[in-house]
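K.L.:
Return atomic coordinates for the entry below.
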Amino acid sequence: MTAKRHTIRLKDGALRSAMTACGIELMSTLQQRTGLSRSQLDHVETGRKQPGPYFVGSLLAAVTPTRGFDDLFEVVAENASTSQA
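P.N.:
The predicted structure follows:
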């Protein structure tokens with residue numbers, strides 16, 4: 001029996017919730033604080049791409065200590081059709 005592969009994904013609504021908790025009103029402000037592009041943020045927020053290490057680290061650095069890893073991400077079964085951001 002083959003073990004099921006898992007990955008992490010951004011929880012539904014977590015990005016906007018973290019922005020609100022940190023007083024970030026504009027996506028452009030989050031882009032500046034993280035160094036992530038609008039398309040990277042959009043693709044991960046909508047689930048089209050899985051967050052890679054750079055995305056995770058950049059987002060956590062921008063919202064810590066208000067939000068932590070468990071507030072933003074969850075472990076899910078890997079979907080082969082979804083790539084990393």
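
K.L.:
Not counting residues beside it along the chain, what's closest to the residue nearest the centre of the chain?
P.N.:
When CA atoms, centre = their mean is applied to the chain, the residue found nearest the centroid is residue 10 (4.4 Å). Once flanking residues are discounted, residue 10 sits nearest to residue 44: 5.2 Å by CB to CB, 6 or more residues apart in numbering. Where C-beta positions appear, they are placed from N, C-alpha and C, glycine not excepted.

K.L.:
Which residues in the strand or helix carrying that neighbour does the neighbour count mark as buried?
P.N.:
Secondary structure assignment for residue 44, by DSSP states H and E: helix 38-45. Within helix 38-45, the residues that count as buried by 16 or more other CB atoms under 10 Å are 40-41, 43-45.

K.L.:
Then stretch 28-35?
P.N.:
Applying 16+ other CB under 10 Å to stretch 28-35 flags 30, 33-34 as buried.

K.L.:
hang on, the earlier thing: quick check: of the buried residues of helix 38-45, which lies closest to residue 77?
P.N.:
residue 44 (17.3 Å; CB to CB).

K.L.:
The closest one contacts residue 51, correct?
P.N.:
Yes - using CB atoms under 8 Å, residue 44 is in contact with residue 51, at 4.9 Å.

K.L.:
out of the buried residues of helix 38-45, who's nearest residue 16?
P.N.:
Taking CB to CB as the measure, residue 16 lies nearest residue 45 of the buried residues of helix 38-45, at 8.1 Å.

K.L.:
isn't that closest one right up against residue 15?
P.N.:
Yes - between residue 45 and residue 15 there is a contact at 5.0 Å, judged by CB under 8 Å.

K.L.:
who touches residue 34 in this structure?
P.N.:
Going by CB atoms under 8 Å, 6 or more residues apart in numbering, residue 34 touches 41, 58-59, 61-62.

K.L.:
one more time with 10 Å
P.N.:
Residue 34 makes contact with 40-41, 54-55, 57-63 under the criterion CB atoms under 10 Å, 6 or more residues apart in numbering.

K.L.:
Nice, that's everything, thank you.
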